[in-house]
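Colleague: got a predicted model here, sequence first, then my questions.
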Amino acid sequence: MTTDPEAAAATPVGTAFGAAAEALTATRATIDRAGFAAVVDLIVRARRILLVGNGFSSSPIQDAALQFTTAGRSVEAPRDILGQQFSARISQLSQNFSRTRTYCPAL
């Protein structure tokens, strides 16, 4: 096993992890911290979370739903576009009738 950082970076694994670290650093610089904090607050207060993603976004959404579920949160992440629309509509109607729920159309 190599302990030399330059030699480790030259391996395929080192190259992949280096590229991922650079991408995360670049992405972190673009995040609106106040907006992110507001979304976190909405998620914390929500009784139910609806996650929607299509195409290439579908897999990360399903992964996020699993993560929230294993953390004990009530999450819905329908894959079908009609299911997504019905769930969003039900969430919106629930918000109109109950002030104890948090609805965030931007999520």
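Modeller: Nice, thanks for sending it over. Numbers count the residues shown, from 1 in each chain.
Colleague: would you map the helices across the chain?
Modeller: With helices called from DSSP state H, the chain shows them at 5-9, 12-30, 33-45, 58-70, 81-97.
Colleague: ok, now which ones touch the closest residue to Ile61 other than its chain neighbours?
Modeller: Nearest in space to Ile61, with sequence neighbours left out and distances taken as C-beta to C-beta, 6 or more residues apart in numbering, is Gly53 at 3.3 Å. Every C-beta, even on glycine, is put in place using the N, C-alpha and C of the backbone. By C-beta atoms under 8 Å, 6 or more residues apart in numbering, Gly53 lies in contact with Ser59, Pro60, Ile61, Gln62, Ala77.
Colleague: how close does the second one sit to Gln67?
Modeller: Applying C-beta to C-beta, to the nearest Å, one obtains 10 Å for the distance of Pro60 from Gln67.
Colleague: now do the shared contacts for these two.
Modeller: With C-beta under 8 Å, 6+ apart, Pro60 and Gln67 have no common neighbours.
Colleague: mind telling me which of the helices of the chain the model trusts least?
Modeller: Note on the helices of the chain: helix 5-9 shows the lowest mean pLDDT, a mean of 63.
Colleague: ok, the residue nearest the centre of the chain - contacts?
Modeller: When the chain is reduced to its mean C-alpha position, the closest residue under C-alpha atoms, centre = their mean turns out to be Ala64, at 5.2 Å. Contacts for Ala64 (C-beta under 8 Å, 6+ apart) come out as Leu51, Ala77.
Colleague: go with 6 Å
Modeller: Residues in contact with Ala64, defined by C-beta atoms under 6 Å, 6 or more residues apart in numbering, are Leu51.
Colleague: got phi/psi on Arg73?
Modeller: Comment: the main-chain dihedrals of Arg73 come out as phi -90, psi 150, following degrees, to the nearest 10.
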